[in-house]
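**Student:** sequence below, structure please.
(6 chains)
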There are 4 protein chains.
Amino acid sequence: MGPTGRRGRPRSEAADARILDAALESLLDRGYDRFSVDEVAMQAGVAKTTLYRRWPTKDHLIVTVVARLQDSVPVEYTGDVRADLTHYLGEIVAGLHRMRQAGRPATSGDASAGLVAEVAAAAARHADVGAAVQAMFHRRNALVLTLLEHAREHGELHADVEPEVLFDQLAGALYYRLLVTGRPIDEAYVDRLVASTLRGASA
Amino acid sequence: MGPTGRRGRPRSEAADARILDAALESLLDRGYDRFSVDEVAMQAGVAKTTLYRRWPTKDHLIVTVVARLQDSVPVEYTGDVRADLTHYLGEIVAGLHRMRQAGRPATSGDASAGLVAEVAAAAARHADVGAAVQAMFHRRNALVLTLLEHAREHGELHADVEPEVLFDQLAGALYYRLLVTGRPIDEAYVDRLVASTLRGASA
Amino acid sequence: MGPTGRRGRPRSEAADARILDAALESLLDRGYDRFSVDEVAMQAGVAKTTLYRRWPTKDHLIVTVVARLQDSVPVEYTGDVRADLTHYLGEIVAGLHRMRQAGRPATSGDASAGLVAEVAAAAARHADVGAAVQAMFHRRNALVLTLLEHAREHGELHADVEPEVLFDQLAGALYYRLLVTGRPIDEAYVDRLVASTLRGASA
Amino acid sequence: MGPTGRRGRPRSEAADARILDAALESLLDRGYDRFSVDEVAMQAGVAKTTLYRRWPTKDHLIVTVVARLQDSVPVEYTGDVRADLTHYLGEIVAGLHRMRQAGRPATSGDASAGLVAEVAAAAARHADVGAAVQAMFHRRNALVLTLLEHAREHGELHADVEPEVLFDQLAGALYYRLLVTGRPIDEAYVDRLVASTLRGASA
DNA sequence: TTATAATCGAGACGGTACGTCGCGTCTTACC
DNA sequence: GGTAAGACGCGACGTACCGTCTCGATTATAA
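**Tutor:** Now for the predicted structure:
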C-alpha cells in the first residue's frame, strides 16, 4: 500500500460546484464573449485563485461547463438501428438546444451555434482542451458506433458499411447546419437525415 | 459626365490590398487569437482609422480574409455525379488545407480547425457576418445542389433523394471531422464518404 | 529646422493633472501600501492605460507625487550663512511635514517617515527612479552648496571646509532622525543642529 | 518546580535556524521585493504555518534578518574620541556593506540602500517593528553616546556640545549618502566626515 | 482658385478582462 | 500542541487588445 494519506488541505468540492453553477448561469445569460472569469468567481463567492487552480483558463472552464450541458443520460439500445440512431441524434439535438439563448437577446439564428463554435475554437487554441473535447465525443459516441458495428455483423447493414463514416454523415450534417448554413434542425429533419443515410446502408 | 457626387479624398485601394495582405500573413503565422488589429495596421503601414473605416470589426476583417482563402476556381461539371461530388469535396478540403499551420507550431490536430471555428463564432457574434458567411456558402454550393437536383430529375438519383440533405451529409462529415473528432481528412476519406453517401442514393 | 509637427493625438494635460491630484489625495489618506493604481485611475476618471502610459509603475507615479510635495519655493539668499542654512533646513522640514498623516490614523510616530522610506526603497528598486530622485535632490541642494562654497571663498567659512560634507551632516541628521531614531524634528532642533555644525566651520 | 505550563510538542529550534538562513540567502540574492515568504518556507523545508508562528509578518522576519547582519562586535573604546568615532562609523559602514548586492545585478548605486529603506518603511508600517528598530539602534549607539558625554565632561569636547546632535550629524550623513545622494561611502569619506564634525567640537 | 470635405498616418484614450503574484489564514493528517 | 502540505480569500498588479477619438497633413471635387 503506498501512502494514501493526501497531504494538505483538500480542495473544496463545494467550491467546484459553486463555480460551475455560477459559470453556467453566466454563460447562458451573457454568452461566451461577455462571460467574465472575475464575475463568475464573485458570483460563486470564491477567490479567483481558487478558480484558476482548477481551470487554468477561461476556455478550460467554459468547456467543462458546456460538456456538462451535453452529457446525456445513458440509453438502452433496442437493436432497431433506425430507431436507435434517430433517438441518439435527438439527444444530441436536445443537448444543443440546452445552450439556446446563450447571451444574445432573441436575435435570429441559434445562439447555441455561437457556443459550439467557441468551444471548437477553444479546442483548437489549447491542445489539452482539444484532447478533452475529442475524448468526450469519443466516449459519447462509442456506444452508437458499437451498435452500428454489431448491426453490420448481423446483416442488418451492408457488409461494406463503415460505421465511422456513416456516423460522420449523421452527426456532421447536424453540426454543419448549426454552424454553417444556419438552417433549422428539428425532428422532421432528423428523420429525413436518418432516412437518407440508411437508404443504401440497410440490407 | 457631371459631378460624381463624391467629394473629398477617395479611399486608397492600395491600402485595402496592403491590409488584406498583412492580415492574411498575420493570420497564418500567428493564428486567430494572437492576431491583433494593431499589428496588422502597423505591418500594412496603415492607420487603424483607415482599417476600421473598411471593416468595422476584427471579425469582419478576418472573415473577409478567410473568404478569400476559400474561394475556389469555378468548375465545369461533367454530369457524372460521383466524380463531380468527389471533385467538389476535394476543393473544399483544399480550401481548408490552405489555412494550415495558422499559428500553432506543429501540434497535433489541424490548425485550420481553429480558423474555421473562429469564423463560425464570428458569424454567431455579428448578424451581418453570419449573413455574409451563409451567403458565401450558399453561393459556393448552389451549383452542386443544382447538379444533384438535375441528376434526381434525370433518374440518376432516386426520386426521393433530397439534394440538400444529401449535401449536408457530405460537407457535414468533413467539418465534423475537422472540428470535432480531429481525424484526418484525405482523398481516401473523401472517396469512402462519397461512396457511403451515394450507396443508396444512386438509382 | 527639424519636423516640429508632433504626430498623433497629443497627450491630455488635463489627464496628467487629474491623475496627480487623485494620486496625491489617495496617497495622503490611504498611505503608500493601501494606495492602489486602479483606484487612482478611477478617481481621476481615466483609463488605467492612460496612467501607465505616463508612469510605468506605481513607484514611478508615487515618486512624482512626492516630488511635487517637496518642491519648495526658490529663495533669495541673504549671504548670512547661518540664517540661510537655517531657513533652507526649515523648508526641508516643512516639505516633510506636508506628507504627515499619510495613511496611518494618528498612531505614534511621523507618518511622513513611511513615505520617505518608501520613496527611497522605490529609488533602489528602479534605476530610473533612483536617478530621478538623485537629480531632484541635486537640483534642490545646488544653490545651498554654491552658497557654502561662496562663503568659504570669502572667508566666512574655514578654508578646509568641504561644503558637500557639511551639508551631508545637516540634511543627514534630519533624515536620520526621521527614519531611524524617530525623535522629533522641530525648529529648536534645527537651530541646535546648525549651531553644532557651524561651531567649527565658521571663521 | 512543577509543570512548566507548556504542553504539547515544543517548537523546533532547528526550524528557526533554517528559516533565518533561507531568508538571509533569499534576501541577499533576490532583494526585498522579489523576496517571498512562500519561497523562503520552501527553501527552509518548513511549512508556512511554522514560519508565521514565529514572525507574524514578512516585515518582521526581514527585520530580524537584517538586524543580524548589522550586529557588530562590541568594542573596547580607547578614550581617543576621534579614533573611537572613526572606528565605530567604520563598523556601521561595514554592516551596510554586508547587505551589498542584495538582489539587483551590479547596477549603479548601492544595493544595501534598498534594504535599509525597506526596513525603515517596515518600521513605519508596524508600530512594533518600529519600536524594535529604534531599540536596536539605541542599544547600538548607547556606548558611543556615553563616550561622547564622558569626553564632554572631561573637557575633550566643548561644554556646549550635545552628544546626540553630534552623532546625528555623523550617522545621518552616512545614511543620507546611502539613501539619497547615492554618493560613495568609503574610509576616506568617514575620515573627512569625522574631521568636519569634530572641527569645532574639540576643545 | 479657393473652399470644402473625406481620407490618411500617428498615436492617445476609455473600457474591459485577463492571468499572475504574494500575503497571511485555514484545514487537513501526522507526530 | 507543533508540523508539513497545500488550499483559500483577498487584493492589486501590469498587460493586452478592442474600437473610438483627436491631431495635423493630404488630396480630391466643387464653387
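**Student:** my guess is A:R192 contacts B:V165, does it?
**Tutor:** Yes: using Cβ atoms under 8 Å, A:R192 makes contact with B:V165 at a distance of 5.4 Å. From N, CA and C alone the C-beta is placed, and that goes for glycine too.
**Student:** quick one: which of the two has more around it?
**Tutor:** Neighbour count, other Cβ atoms under 10 Å in any protein chain shown: between A:R192 and B:V165, B:V165 has more, with 19 against 16.
**Student:** element containing the more buried one, please.
**Tutor:** helix B:163-176 (DSSP states H and E).
**Student:** could I get that helix in PDB with only the CA atoms?
**Tutor:** Extracted C-alpha coordinates of helix B:163-176, given in PDB (Å, rounded to 0.1, in the frame of the first residue of the first chain):
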ATOM      1  CA  PRO B 163     -30.200  17.200 -52.500                       C
ATOM      2  CA  GLU B 164     -29.900  19.500 -49.500                       C
ATOM      3  CA  VAL B 165     -29.900  16.600 -47.000                       C
ATOM      4  CA  LEU B 166     -27.500  14.700 -49.200                       C
ATOM      5  CA  PHE B 167     -25.100  17.500 -49.300                       C
ATOM      6  CA  ASP B 168     -25.400  18.100 -45.600                       C
ATOM      7  CA  GLN B 169     -24.200  14.600 -45.100                       C
ATOM      8  CA  LEU B 170     -21.200  15.100 -47.300                       C
ATOM      9  CA  ALA B 171     -20.000  18.600 -46.300                       C
ATOM     10  CA  GLY B 172     -21.100  18.000 -42.700                       C
ATOM     11  CA  ALA B 173     -18.900  14.900 -42.400                       C
ATOM     12  CA  LEU B 174     -15.900  16.900 -43.400                       C
ATOM     13  CA  TYR B 175     -16.500  19.700 -40.900                       C
ATOM     14  CA  TYR B 176     -17.400  17.300 -38.200                       C
END
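**Student:** what angle do it and helix A:163-176 make?
**Tutor:** Here helix B:163-176 points in a direction 100 degrees away from that of helix A:163-176 (axes from the mean of the first three to the mean of the last three Cα atoms, to 10 degrees).
**Student:** who in chain A is up against chain C?
**Tutor:** Residues of chain A lying near chain C by Cβ under 8 Å from any Cβ of the partner chain: none.
**Student:** how is chain A divided into domains?
**Tutor:** Split into domains by automatic domain parsing, chain A comes to A:13-54, A:73-198.
**Student:** so which of those is nearest C:D160?
**Tutor:** Among the domains of chain A, the nearest to C:D160 by Cβ to Cβ is domain A:13-54 (62.8 Å).
**Student:** pLDDT on the closest one, on average?
**Tutor:** Average pLDDT, domain A:13-54: 96.
**Student:** gap between the two ends of it?
**Tutor:** Start-to-end span of domain A:13-54 (Cα to Cα, to the nearest Å) is 11 Å.
**Student:** close to DNA strand E, is it?
**Tutor:** Yes: for domain A:13-54, a contact with DNA strand E is found by Cβ under 7 Å from any atom of the strand, at A:34-38, A:48-49, A:52.
**Student:** so which of those wins on neighbours?
**Tutor:** Counting by other Cβ under 10 Å, top hit in the residues of domain A:13-54 next to DNA strand E: A:F35 with 21 neighbours.
**Student:** residue contacts, it?
**Tutor:** Neighbouring residues of A:F35 by Cβ atoms under 8 Å, 6 or more residues apart in numbering or on different chains: A:23, A:26-27, A:58, A:62, A:103.
**Student:** which pair of those spans the longest distance?
**Tutor:** Taking Cβ to Cβ, the two most distant members of the contacts of A:F35 are A:K58 and A:G103; they sit 14.5 Å apart.
**Student:** those two: who's more crowded?
**Tutor:** Between A:K58 and A:G103, counted using other Cβ under 10 Å, the more crowded position is A:G103 (21 against 17).
**Student:** touching chain B at all, the lengthiest helix in chain A?
**Tutor:** For chain A, the helix with the greatest residue count under DSSP state H is helix A:127-153. Yes: interface with chain B: helix A:127-153 contributes A:127, A:130, A:133-134, A:137-138 (Cβ under 8 Å from any Cβ).
**Student:** looking at these, state which has the most neighbours.
**Tutor:** Neighbour counts for the residues of helix A:127-153 next to chain B (other Cβ under 10 Å) peak at A:V133, which has 23 neighbours.
**Student:** give me the most central residue, chain A.
**Tutor:** A centroid search over chain A (Cα atoms, centre = their mean) returns A:Q70, at 4.1 Å, as the residue closest to the centre.
**Student:** quick one: residues contacting that one.
**Tutor:** A:95, A:98, A:136, A:140.
**Student:** what about the first one, how many neighbours?
**Tutor:** Other residues near A:G95 come to 17 when the count uses other Cβ under 10 Å.
**Student:** from A:V144, how far out is it?
**Tutor:** Distance of A:G95 to A:V144, computed by Cβ to Cβ, to the nearest Å: 14 Å.
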